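A.B. asks: need coordinates for the following:
(2 chains, ligands or ions: 2)
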Amino acid sequence: MLLSVQDIHKTYQTADGPFEVLRGVDLTLAAGETLALTGESGSGKSTLLHLIGGLDASDRGQIWLQGQDIAALDDNGRAALRRGTVGVVFQQFNLIPSLKVADNIAFQARLSEQYDPKWAAELADRMGLGPHLNKYPEQLSGGQQQRVAIARTLAPKPRLVLADEPTGNLDETTAATVMDLMLELVSEAGAGLLMVTHSAALAGRMSRRLHLRAGQVA
Amino acid sequence: MTKAALQALLSHWWRNPVQLFTLLAGLALATALWSGVQAVNAEARASYDAAAATLGEGQYDRLVRRDGQPMAQETYITLRRAGWLVSPVLQGRLDGVRIVGVEPLTAPAGIGPITPAQGADIGSFLTGQGQLFANAETAAQLPDLDVIIAAETALGAAITDIGVAQRLLGKVGQIDSLIVLPSQPLGRPDLAQIAPDLLVQPAQGGSDIARLTDSFHLNLTAFGLLSFAVGIFIVNGAIGLAFEQRRPVVRTMRALGLPLRRLIVLMAAELMIFALIAGIIGVALGYVIAALLLPDVAATLRGLYGADVSGTLQLRPSWWLSGLAIALGGTAIAASGALYQMTKMPLLAAAQPRALAMAAGQRAKTQGAIAAALLVVSAILMFTADGLIGGFALLATLLIGAALALPIILSGILAAMNRSARSVTAQWFWADTRQQLPGLSLALMALLLAMAANVGVSTMVSSFRVTFTDFLDQRLASEVYVRTSDAAQSAALLDYAASRADAILPIQSADTQVAGQPTEVFGARDHATYRDFWVFLQNAEGAWDTTFAGETVLINEQLSRRAGLVVGDTVTLQDSSFAVAGVYGDYGNPIGQVVMSEAIFTTLYPDISPQNFGVRMPPADVADFVADLEAQTGIPATQTVDQASIKAISLAIFERTFTVTTALNVLTLAVAGFAILMSLLTLASMRVPQLAPAWAMGMTRNQLGRLELLRAVMLALLTALVALPLGLALAWALLAVVNVAAFGWRLPMYLFPADYARLAVFALLAAGLAALWPARRLARTPPADLLKVFSNER
Ligand SMILES: Nc1ncnc2c1ncn2[C@@H]1O[C@H](COP(=O)(O)OP(=O)(O)OP(=O)(O)O)[C@@H](O)[C@H]1O
Ligand SMILES: [Mg+2]
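C.D. replies: Residues are numbered from 1 along each chain as shown, chains lettered A, B, ... in the order given. Ligands and ions are numbered 1, 2, ... in the order given. Alright, predicted model coming up:
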């Protein structure tokens, strides 16, 4: 099993006292499988994604990734995890504005020292970014920027791709094109995909679907 | 991994050259300001140190004759035989060079440059064959003599064996003074028994020259400290903004797997390299500034105090190192805070404006509390501080407290303006300005400090000038001063002057001690000159009458403060006691002074005969008097000084001091203006989203640009209003606390409203100029950029 989440709890400290967002979430994901995570706004989807991506630490429970409990990792271990094993596609793209498109695509792969120029070029090509490699992110449209972000995530060949409403900022047609490409590339690579989405249509294209309600899997 | 991360970090600067420029320029300017002032200070100080070390002045007790005349060689031999460890010194001028004759075998170590290790021909030195030691500049003035170049010899002085000096100066068999070595054998006879005509002149803490020039140094040091504060604010601002700008990128890189520690190390290294580059540029710039200022400073010191300061600048490791240390240290301090914050920064918390605003609110509260505490302490110190440490603590608490309080004061004013605003545009303007305040506050603090420093230091220098001009009128009341070289000349002068002048006032003095303080005693002849021109700080009824009647004496402020003497107290001189009838201001004099009537002086010091005379006459007669003097008395015109020319020289010196001060004023303001420019440029990108709604609601881009300009000028004006009282408080602290602690006299404080107004105009100008470019850029923001704000894509 690529990913196995067991009894995850997460509580935020807020001004009005502790607020328990996740109350014992369990899920599994096999390599090559795609899973849609749905739920209403505020149900804790992003929180769960961040925990799995090693961007934050849970209060209780275990997250096994390729047989390794990531809750036990320290800061450096989690950074290594983010570099190589997991790739996250953010809703806000989070490109590095001062790097050209080509360097943005190569960035994470170079961080994890798994940079393969051929693979990066192929990614850029298939994402339709060929003519834009020498541009800066601000010169691209939103859809193009998100394609750069996806290419960047896939460049180091992660085992697990996490995506948080990756097309939430895009119009329907663009979103569909970007989605097609992402699903295609992920399945080719045989990686697992966990994607948060509000769109029923998108969720329908995934192999499984999971609904979060009140901090638990419904 | 490191390479990719470094490339991403550096690409930020490549893409935002203006930010890089402002960071480097801010660091460089802060360093330049600091090291420029330091260079001037260090150069002047090094010159005195060389002078003091060469002459051994003030380091050792000395024996001199009571009447100030040279002593005979026999006196020295008698003392040596009796067991006194003393060493003879003879000084005199030859071709404008001060020749210092010492006896190398008996002189204490450290006097003169003569150490055998230097390879000097000690044999020829000893045999009086006539080698002199001087630095290259001085040696050039003595082309006919055998001068060995010794770089550390004081400028304008040449050291040689006393025998050579006696021959060169035509004073064979004469000695000026005897240096008393620190360790003396026990059981040697009393000075009164073997050499009753000699007097011990006690060692002084520093050399005379150094003590005199300290007053001027204080001025510069105060400036140095303030420029340092301004510099630190700018460095801090530059670094803080550099981090602020890259916060989102830092988050992204961490999210993509760059370990925090690696990131911190890379950013720290990057900043240190920048600081090093900027520091080197800044030191070079400081060197240029100092080199431009130094000829004036050197001239000022030389003219004002007779200290020889070489007009050229040497690259002293101490100051360029300190300049680099400021750049690196300031950056390190500023960056460590920012880096620490970065380690605490949660990886995920999106840059939510709300959260930021809340954190800022919390910070504002803490800052306000610290500011209030510091201001309270400074208020207490105002009334209680004495001593140098107290004075500087007062300066520090006042300045830092005020700087921290500034944003709070400004925010209060802006909130009040907002409430009273009528039109929507005005309301928006005030509210928007208030929102800008956090981003601009560092620059405004720098402006505040720069302005306060300028107000403070120019008040100090101007007060000094006013006081000194009055003082010159008091002290140089006679139209002509004549120096005589012997009793015959004195008699001839008295004879000649009797028919040609209104009055002749002998000036005679003796060195002594009063209440343990080195003091000079003056005998003055009863004349209206004194009564008309002298200004008392404190006096009894009819002080001049009782003094000229021989019943009382007058003392200067230094003696009054150091010995705790006030009017009505008694001083004892040569076993006679006198009541103090008055205390007069005696600015710049390092030691105590007593003025008594001529008659009493003659009884107390029968051996001293006057060799200086003030001559009163109608100013129109001065030229004729001097012209006929030599023919009638044999006294050459070189032995006369006419009062008008002394005053002219003295005032010219002050003008130079002023030039230096003004140059530094302009420099600090320019740096503060630059800080504003920097902040505005950095804020510019954040401004677009803030201005877009106003633009969308119908304001033109030109209107917005003009408002940006107006805002900067208005904030500068408000800052100037706060700076004025702060600067005056600063001046007061410098004059009434620090100066008294340092020099024993208090400078009266005068106000110069016109100067302050001019300074305020400069500050507004600096702010306006700084805002011009950012405002123009904003006014030209393409509508597409403004529109982007409303689309989802941002
Ligand atoms: N750092 C935080 N501190 C406090 N509360 C938080 C924090 N992050 C998230 N929350 C709260 O936790 C809850 C879950 O947030 P989360 O972002 O996971 O929701 P979501 O399911 O992704 O919602 P959306 O669909 O709107 O993105 C929300 O109520 C949110 O307000
Ligand atoms: Mg979410």
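A.B. asks: okay, CA-based contacts and neighbour counts for the rest of this
C.D. replies: Will do.
A.B. asks: pLDDT below threshold where in the stretch 151-300 of chain B?
C.D. replies: Residues of the stretch 151-300 of chain B that meet the criterion pLDDT under 70 lie in B:151-155, B:201-225, B:228, B:294-300.
A.B. asks: ranges for the helices of it?
C.D. replies: For the stretch 151-300 of chain B, helices defined by DSSP state H, counting those that start in this stretch occupy the ranges B:162-169, B:191-194, B:208-255, B:260-305.
A.B. asks: cool, chain A as well?
C.D. replies: Ranges of helices within chain A are A:45-52, A:75-84, A:101-111, A:117-126, A:142-154, A:172-189, A:200-204, based on DSSP state H.
A.B. asks: which one of these lies closest to B:I149?
C.D. replies: For the helices of chain A, the distance to B:I149 is smallest for helix A:101-111, at 62.7 Å, taking Cα to Cα.
A.B. asks: and the closest one, what does it pack against?
C.D. replies: Packed against helix A:101-111 by the contact rule (3 or more Cα pairs under 8 Å, 6 or more residues apart in numbering or on different chains; DSSP states H and E) you find helix A:75-84, helix A:117-126, helix A:142-154, helix B:2-15.
A.B. asks: do you know which of the helices of the stretch 151-300 of chain B lies nearest chain A?
C.D. replies: When the helices of the stretch 151-300 of chain B are compared by Cα to the nearest Cα, helix B:208-255 sits nearest chain A, at 6.0 Å.
A.B. asks: just name the most buried of the helices and strands packed on helix A:101-111.
C.D. replies: Of all those, helix A:142-154 has the most neighbours on average by mean count of other Cα atoms under 10 Å in any protein chain shown, namely a mean of 26.
A.B. asks: and for that one, what's in contact with it?
C.D. replies: By Cα atoms under 8 Å, 6 or more residues apart in numbering or on different chains, the residues outside helix A:142-154 that reach it are A:87-90, A:93-95, A:101, A:104-109, A:120, A:123-124, A:127, A:129, A:137, A:161, A:166-167, A:169-170, A:174-175, A:178, A:182, A:186, B:793.
A.B. asks: can you check stretch B:23-32 too?
C.D. replies: By Cα under 8 Å, 6+ apart, the surrounding residues in contact with stretch B:23-32 are B:227-228, B:230-232, B:234-235, B:238-239, B:242, B:274-275, B:277-287, B:289, B:323-324, B:326-327, B:671, B:674-675, B:678.
A.B. asks: same deal with stretch B:421-439?
C.D. replies: Residues contacting stretch B:421-439 (Cα under 8 Å, 6+ apart): B:407, B:411, B:414-415, B:417-419, B:679, B:683, B:707, B:711.
A.B. asks: by neighbours, which of the residues you listed wins?
C.D. replies: Counting neighbours by other Cα atoms under 10 Å in any protein chain shown, B:S679 comes out on top of the contacts of stretch B:421-439 with 25 neighbours.
A.B. asks: find the pair from the contacts of stretch B:421-439 with maximum spatial separation.
C.D. replies: Top of the distance list for the contacts of stretch B:421-439 (Cα to Cα): B:R419 and B:S679, 26.9 Å.
A.B. asks: where in the stretch 601-750 of chain B is pLDDT low?
C.D. replies: B:638, B:645-647, B:649-661, B:682, B:685.
A.B. asks: distance check, B:L374 against A:V178.
C.D. replies: 59 Å (Cα to Cα, to the nearest Å).
A.B. asks: give the contact list for the one residue sitting closest to the centre of chain A.
C.D. replies: Closest to where the C-alpha atoms of chain A average out (Cα atoms, centre = their mean) is A:L162, at 2.2 Å. Applying Cα under 8 Å, 6+ apart to A:L162 gives the contacts A:49, A:53, A:86-89, A:193-195.
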